[in-house]
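[1] Fold the stuff below for me.
(one chain, ligands or ions: 1)
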Amino acid sequence: MTILVTGGAGYIGSHVTRQLIEQGHDVVVVDNLNRGHRCAVDSRCIFYEVALNETERLVEVMTNHSVEAVLHFAALAYVPESVAQPLWYYENNVSGSISLLKAMHQADVGKLIFSSSCATYGIPDSLPITEETPQMPIHPYGWSKLVFEQVLKDYHAAHPDFAVTFLRYFNVAGCSTDGSLGEDHDPETHLIPIVLQVALGQRECVTVYGTDYPTPDGTCVRDYVHVDDLAAAHILALNSLQAGDCRTYNLGNGQGFSVKQIIAAVEQVTGRSIPVKYGERRAGDPPSLYASAELIRQELGWTPRYAEVSEIIQTAWDWFRNHPHGYTPE
Ligand code: UFG
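    Predicted coordinates for the structure are as follows:
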């Protein structure tokens, strides 16, 4: 099957592209290279530098390559940035995604896996979060994902053969174990990479954003899932997608770790001590988010290989140690 991957030069998209190719699929990647890395795109796939709002070019790509399904990763994905620049987020994540969907419609492509987020749940009333937990985002990034979920539901209702799966990611972390793919964000805002950069001496310390949350140690709790486990879930979701489906799965490990626990785990994995500063809360952070991923386990047989957060951190540490400047050569 020929698959179109949007955002295939990004952190998650590049890891999923690799697995798709290894599973025998032909992959076409489109990416505007705004935040992605051209060298992260597997050389076995076809690459186009195209933005989501270029509907006609997307139609051309889909038609010329007889694309049968789309995996849609391309998005802006920093919560604080979305709070500061909401229009930019809606333009990319909603308008851009609608342009992609129009292109799929014109090119008669009827299967989509959409990268959604646990951010669509906002501050849940109860934990763990299931797919039935009410969705009430608390920041523009979360809303942008939820709005496009709704667009897809409405499109699905009008085109009953259209097949879509929403994968709601929790905190994706870790890197490919062969060392060829990794995490290289600019700016970097995510906790694990930042703490590892402190371990490497690239930053003086990590600032913990808020110590007065209603959690056991007062710092925010998140559910960390390895990027290759997440990639494997995409393959399962794609292979099981049937005409007319509209499915939703949470993708997390099911266990919450606080910011302090992550820092301690990094100290243990790296054997280095991490200087910490305690700061104010960061805009848009819910206190505690962790998943029930029972549904995807039961329906698709998804079993994460990296169940321990220390194993996830180890794979990231291997990447950061060997690529202190990310994909940029020294
Ligand atoms: N944190 C710090 N210091 C830092 C960086 C992060 O204390 O220097 C804290 C954050 O405040 C948060 C936790 O570490 O409590 C995790 O933060 P990340 O930035 O690593 O991840 P987020 O939980 O903010 O974001 C992730 C995804 C988003 C998704 C969001 C849902 O990256 O795409 O989960 O909440 F929307």
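
[2] Could you look up the SS state of the closest residue to the ligand within the stretch 1-150 of the chain?
    Relative to the ligand, the nearest point of the stretch 1-150 of the chain is Ala119 (3.3 Å; CB to the nearest ligand atom). In this view, the C-beta of every residue, glycine as well, is placed from N, C-alpha and C. Following DSSP: H, G, I helix; E, B strand; the rest coil, we place Ala119 in the helix state.

[3] what number of residues lie near the spatially closest residue to it that is not a sequence neighbour?
    In this structure, Ala119 finds its nearest non-sequential neighbour in Gly142, 3.5 Å apart by CB to CB, 6 or more residues apart in numbering. Neighbourhood size, Gly142 [other CB atoms under 10 Å]: 24.

[4] cool, and Ser97?
    So Ser97, with other CB under 10 Å, has 25 neighbours.

[5] Assign it to helix, strand or coil.
    Strictly by three-state DSSP, Ser97 counts as helix.

[6] Could I get the pLDDT score of it?
    Confidence at Ser97, expressed as pLDDT, is 99.

[7] what does the one 10 residues further on give?
    pLDDT, Ala107: 98.

[8] Ser117 now?
    pLDDT, Ser117: 98.

[9] For the protein, which residues score under the pLDDT cut-off?
    Flagging of the chain using pLDDT under 70 yields the residue ranges 330.

[10] near the ligand, which residues of it?
    Proximity of the chain to the ligand, by CB under 6 Å from any ligand atom, involves residues 77, 79, 117-119, 141, 171, 189-191, 194, 206-209, 220, 222, 259, 282, 285, 289.

[11] ok, back up a step: tell me, how many residues neighbour the residue of the stretch 1-150 of the chain closest to the ligand?
    Residues near Ala119, counting by other CB under 10 Å: 26.

[12] Pretty sure it sits against Pro140.
    No. Ala119 is beyond contact range of Pro140, at 9.8 Å (criterion: CB atoms under 8 Å).

[13] still on that earlier bit, of the residues of the chain next to the ligand, which belong to strands?
    Of the positions in the residues of the chain next to the ligand, Ser117, Asn171, Val206, Thr207, Val208, Tyr209, Arg222 sit in strands, assigned by DSSP state E.

[14] In PyMOL, how would I select the buried members of those residues?
    Buried members of these, defined by 16 or more other CB atoms under 10 Å, are picked up in PyMOL with:
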select buried, resi 117+171+206+208+209+222
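
[15] Where do the strands of this protein begin and end?
    Using DSSP E, strands in the chain cover 2-6, 26-31, 46-49, 69-72, 111-117, 163-169, 171-173, 206-209, 221-222, 224-226, 246-251, 257-258, 276-279.

[16] residues in contact with the residue nearest to Arg281 when sequence neighbours are not counted?
    Spatial nearest neighbour of Arg281, excluding adjacent residues (CB to CB, 6+ apart): Gly210 at 3.6 Å. Taking CB atoms under 8 Å, 6 or more residues apart in numbering as the criterion, Gly210 is in contact with Gly218, Thr219, Cys220, Gly279, Glu280, Arg281, Arg282, Asp285.

[17] All set now, cheers.
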